[in-house]
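Novice: I need the structure of the sequence given here:
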Amino acid sequence: MLNIGKIEEGFVLDHIKAGKSMQIYHHLGLDKLDCTVAIIRNAKSNKMGKKDILKVECDINQLDLDVLAFIDHNITVNVIKDGEIVDKKDLFLPKEIKNVIHCKNPRCITSIEQGLPHVFVLADEEKEIYRCKYCEEKYSEIK
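Specialist: Numbering: from 1, shown residues only. Below you'll find the predicted structure:
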């Protein structure tokens, strides 16, 4: 049995799709923060079969909920204070996401203007489709 100690203050991201924890780690910039991070990959789950879990010991304000919701809005966010869960944050698909994904359209203005932010807007919430704000190119995740 694997035993990862509890954290005193921070957050636990649970119910992450198996294999997505490293993507979340990088998109949240956890590699740039001076905090303790435990990544648990392919943990057994009755609900999901397999799942990933991230335990992060740092201020919850370091967490960008929009980025997290864009990656997977079904993740459970548990806020930890004094070693206990004090809050659970709900995630909702953000209406706009900036500089997380990049437009693949070679004719898009973001390909020419290097300083321009890559902005995607939620075009279809039901189908979870995002489109480039400038050229309306549909974002498609590379598998």
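Novice: All the helices of this structure, residue numbers only.
Specialist: Applying DSSP state H to the chain gives helices spanning 21-27, 65-71, 109-112.
Novice: per-residue pLDDT, the most centrally placed residue in the chain?
Specialist: With distances taken as C-alpha atoms, centre = their mean, Leu68 lies nearest the centre of the chain, 2.5 Å away. Model confidence at Leu68, given as pLDDT, is 90.
Novice: And the helices of the chain: which comes nearest Asp82?
Specialist: Nearest of the helices of the chain to Asp82, taken as C-beta to C-beta: helix 65-71 at 22.1 Å. All C-beta atoms are positioned from the backbone trio N, CA, C, and that covers glycine.
Novice: OK, contacts around the nearest residue to Asp66 once chain neighbours are set aside?
Specialist: Of all residues not flanking Asp66 in the chain, Pro94 sits nearest, at 4.0 Å (C-beta to C-beta, 6 or more residues apart in numbering). By C-beta atoms under 8 Å, 6 or more residues apart in numbering, the contact list for Pro94 reads Asp66, Ala69, Phe70, Leu122.
Novice: what's the answer for Lys104, then?
Specialist: So Lys104 contacts Glu137, Ser140 (C-beta under 8 Å, 6+ apart).
Novice: again, 7 Å this time
Specialist: Lys104 is in contact with Glu137, counting by C-beta atoms under 7 Å, 6 or more residues apart in numbering.
Novice: Phi and psi next, for it.
Specialist: phi -90, psi -10 (degrees, to the nearest 10).
Novice: ok, now how distant is Ile101 from Ala38?
Specialist: Remark: distance between Ile101 and Ala38 (C-beta to C-beta, to the nearest Å) = 27 Å.
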